[in-house]
Every structure is written in structure tokens, then in C-alpha cells.
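Asks: Here you go, sequence then predicted model.
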Amino acid sequence: MSEIIDRIADRLMSALDKPGSVFLYPHIGIDGDALGSALALALVLSRIGVPVRLPLDEDIPDRLNFLPGLDLIECYREDLLESFSRDQQLAIAIDCSDSERVGRRRALFDLSPEKAALDHHVSGGESGDLRWIDPSAAAAGEIVFDLITRLEKRAGRRLHDETTETLLMTAIISDTGGFVYSNTTARTFRTAASLMDGDINLRRITYQLFDMTSQVRMRLMGRIFTDVRFSHEGRLALALVGQNLLAEHQATDADLEGVIAHLRNVAGVEVAFLIREIDNDLLRVNIRSSDSFNAADFAQNYGGGGHPKAAGLQLRNMSLDDAARMIVDKAGEWL
């Protein structure tokens, strides 16, 4: 694994002598880990003189608007594909492993003459060449921290500062639920301890990620919780969110963050599903589970993936109710 890390660090340093920019691609449906990791790497690359660009095709959730470095983000549109592509020498997927998880930017990613990946999901496939897939990492932030450490040695100077430390701590806290999820390891705490050597406002990070809410989100959660379906003797919890429900509350996807964790925390629940209607042909399913139910294995049966206790998948050409019946039936077999 260290050979791959070194190979990626060397390739990034060589970008100084090649025409074009390094493009970073955090996954669609951006969260604290994907955005914090991408911004931290972008700032460090800029610091050592590597041309870097961070295009996004979605709005930043309100709870992440406190992050430093947001001015590095560029708005991606399809009419910019040609001009962006001409400037791209290397594409790096962050918190995902390929172009399937980067939304409308997929065409741009696929046009890159060289590709890399920094990911910690089980579904990310194998490591090799410029693909660093490390399921033992609690967050992509841990991976980017290690990569920046390699870059510091090659650059011969310290590259971390309060800004990058805040970004990477946000990434790690986001994907560990504030160091309480089972993916938290000794490595996680070692990384966090190193980041805490800087002047980080830890309370602000945790407030923004977990505590801050809005009236819209509070009322939406109330509706969702009222209509939750329990089955298999209370071992499975399932919530449905249609487009009409979000429209009724003038809510967005960002307002759904944390809902599924509350479902999983209900006493007796071993697996929780949140099925979100994206459009008339697409549903997104989020899964949270206990030790007795491998969420990643279940999701992989439907082209999804993730972690043993946190995973996701997509379903097409299926109504919310039909998807609910299928999930309850199939998950019941696993239970």
C-alpha cells in the first residue's frame, strides 16, 4: 500500500512540470468527508505550485458553508466541458473510486488522460497504479492526511496549517459521527491528535455537522418519523421520502442528513433504510445497520456499496412503494 501512496505523491509532484491542471472530483451528494478532503488536498497542491481545479455541479449544503477554501470551487456546466478538458492532465476521484459517483462531471473525468482515486469504500475495487483504495481508513480524510504527509517530505516543508487541519478534521468527524461509529480506529485518533496540534475550533465543527438545524428540517424530520414503517418484529425500519414531501416542506436533500441514523438508533432495529425519490425514474437508498446485517454486501447485490454498517444503492424504474416492498422482503431474508 505504501508504494501506491508514494506513486501518487510522486505523480502529483511531477504535475509541476506538465501542462494542464490536476482536477479533483469529490463524489456527488457531497458530504463533510468528500468536501473537506478535496479542499485540503487542493489547498496543499496550490501551496506547492501544482495547478489544481475543483469543479462541482451541485450546491454546498448549508452545514458545510463554514469550511475554509470554498473559493477554490468552480461551477461545472456541460458547456464548459471542452475548455475544462483541455486543461486537465490528471483526474483524481476523492471519497469515490471512479466516474460513476461524480454526477454530471462524469464526461469530464472520463476524458482525462490519466486517472487516480483516493477512497475508503469497500465497493471501490482494488488498489493499484494510482488507485489508493483503503477500506481500513475511517474516512477519505485519513487517506488525504497520509498523502499530504508524503508531499511534505517531497516538498521539504510543512504543508499543513490551521486551514487544512480544520478541513481534514471535518472530514474525519463527519464520517465517524464524531468518533462514535465502529469505523473509528486507533489510526483515526492518531490522525485527529496530529490535527489537534493546530488551532482547531472543534466545537464549531461538531455544531455545524451535527447540532445545527432549521425549522424546515425539524418539521420534515417530524413527518418522516411519524410515517416510519417497522417490520420483521421491529428489526427493520424504513422511511420513504418522495419529491412531493420535500416540495411540501420546501426542503432539500441536505435536510435529510442524519435522519437514517435516528432510525438505526431505535431500540431493536438492526437495519434502517431511507428511500429517497430523486426523479420519476430514480430512487436512492441509504442503509445503516448493526453487526448482524452487512449493509455493503446487501447494497452490492443492487450495484451499490459502502461500508458494512453504512452503504447505499440506486433503484431505477420503480415506485417508492414497490421499492419498499422489495427492500422489506429481501432484507428480511438477510435478517
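Replies: Alright, I've got the coordinates. Owing to the predicted nature of the structure, the values given are computational and were not obtained by experimental measurement.
Asks: wait, what's in contact with residue 63?
Replies: Residues near residue 63 by CB atoms under 8 Å, 6 or more residues apart in numbering: 32, 208, 209, 212, 254, 257. No exception for glycine: its C-beta is placed from N, CA and C like everyone else's.
Asks: State the distance from it to residue 296.
Replies: Applying CB to CB, to the nearest Å, the value for residue 63 to residue 296 is 26 Å.
Asks: related to what we said a few turns ago, now a PyMOL select for only the buried ones of the contacts of residue 63.
Replies: Applied in PyMOL, the following selects the buried portion of these according to 16 or more other CB atoms under 10 Å:
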select buried, resi 32+208+209+254+257
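Asks: Hmm, which of the contacts of residue 63 is lowest in pLDDT?
Replies: In terms of pLDDT, the least confident member of the contacts of residue 63 is residue 254, at 81.
Asks: so what's that one closest to, chain neighbours aside?
Replies: Once flanking residues are discounted, residue 254 sits nearest to residue 61: 3.8 Å by CB to CB, 6 or more residues apart in numbering.
Asks: Run a quick check on the one you found versus residue 255, I expect a contact.
Replies: No. At 9.0 Å, residue 61 does not count as touching residue 255 under the criterion of CB atoms under 8 Å.
Asks: higher neighbour count, those two?
Replies: Legend: neighbour count by other CB atoms under 10 Å for residue 61 and residue 255, higher for residue 255 (24 against 18).
Asks: Give me the distance between the nearest residue to that one once chain neighbours are set aside and residue 273.
Replies: Spatial nearest neighbour of residue 255, chain neighbours left out: residue 217 (4.2 Å); criterion: CB to CB, 6+ apart. In this view, residue 217 and residue 273 are 20 Å apart by CB to CB.
Asks: Give me the distance between the residue nearest to residue 254 and residue 237.
Replies: Going from residue 61 to residue 237 by CB to CB gives 24 Å.
Asks: what's around residue 83, how many residues?
Replies: 8.
Asks: Does anything pack onto the one helix or strand it maps to? Which helices or strands?
Replies: Using DSSP states H and E, residue 83 sits in helix 81-86. Helix 81-86 makes packing contacts with helix 106-110 when contacts are defined by 3 or more CB pairs under 8 Å, 6 or more residues apart in numbering; DSSP states H and E.
Asks: which strands and helices sit next to the helix it packs on?
Replies: Helices and strands touching helix 106-110, by 3+ CB pairs under 8 Å, 6+ apart, are strand 21-26, helix 81-86, strand 88-94.
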